[in-house]
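# Sequence first, predicted model second:
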Amino acid sequence: MKLTLDAPTLYAELLKGVRSMRQGNTQLLGITSGGAWLAQALQSDLSLSGKAGQISSAMHRDDFAKRGMAHSAQTVIPFDVNGQDIVLIDDVLYTGRTIRAVLNELFDYGRPARVRLAVLVDRGGRQLPVQADFAAARVSLPENQSLTLARSDSGVFSFNIKEV
């Protein structure tokens, strides 16, 4: 059986979930790159002022020596994180290692009041004790498959599932 995921439908669920998580001082922070795309779309669809932030895991990854740092993987946080309610947005939650690295990066910028995680898809397979506060979908994939979010030039989201 081939797994198919309808990214636009899941995005609509993510939008509902993030809307319910928001409070007065909530700021959206998308994890590079799929999470950043989602955070930008959420910022617009929730009619929030300003821009969503983008955070990279590159500098704090435990496999930095192997992966290196991509040019596009830059952290840009257009707000003071101190005392803020931060909702981290990611496309796919898998091992938890990216979230660990992102939290280290975030705390380099200050001390938020609270940090929560909303993801489009939780695929299981955790290696660290990390869980999403909201997941639009939960699926199981074999370790030899990767799941990535793609975005067309017109901004339409889709998923790529491939063997690794």
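Yep, it's here. Residues are numbered from 1 along each chain as shown.

# CA only for contacts and neighbour counts going forward, please
Noted.

# and the residue lying closest to residue 77 once chain neighbours are set aside, what does it touch?
Ranked by CA to CA, 6 or more residues apart in numbering and with sequence neighbours excluded, the top spatial neighbour of residue 77 is residue 53, at 4.5 Å. By CA atoms under 8 Å, 6 or more residues apart in numbering, residue 53 lies in contact with 27, 28, 29, 30, 36, 39, 75, 76, 77, 78, 79.

# how about the closest residue to the first one other than its chain neighbours, what does it touch?
In space, residue 27 comes closest to residue 86 once its chain neighbours are excluded; the distance is 5.0 Å by CA to CA, 6+ apart. For residue 86, the contact set (CA under 8 Å, 6+ apart) comprises 26, 27, 28, 29, 112, 113, 114, 115, 116.

# Any of these buried? List them.
Neighbour-count burial (16 or more other CA atoms under 10 Å) applied to those gives 26, 27, 28, 29, 115.

# Now stretch 17-31 - C-alpha only, CSV.
Output of stretch 17-31 as CSV, limited to C-alpha atoms (Å, rounded to 0.1, in the frame of the first residue of the first chain):
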residue,chain,number,x,y,z
GLY,A,17,-4.3,23.8,15.5
VAL,A,18,-2.0,26.9,15.6
ARG,A,19,-5.0,29.2,15.8
SER,A,20,-6.1,27.4,18.9
MET,A,21,-2.6,27.6,20.4
ARG,A,22,-2.2,31.4,20.0
GLN,A,23,-2.2,33.8,22.8
GLY,A,24,-1.6,37.6,23.0
ASN,A,25,2.2,37.3,22.9
THR,A,26,2.5,34.3,20.6
GLN,A,27,5.2,34.5,18.0
LEU,A,28,5.6,32.0,15.1
LEU,A,29,9.1,30.6,14.4
GLY,A,30,9.5,28.2,11.5
ILE,A,31,12.3,25.7,11.3
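
# Can you mark which positions in that stretch are buried?
For stretch 17-31, burial by neighbour count (16+ other CA under 10 Å) applies to 17, 18, 21, 26, 27, 28, 29, 30, 31.

# What of stretch 10-19?
For stretch 10-19, by 16+ other CA under 10 Å, it's 10, 11, 13, 14, 15, 17, 18.

# With that, I have no additional questions.
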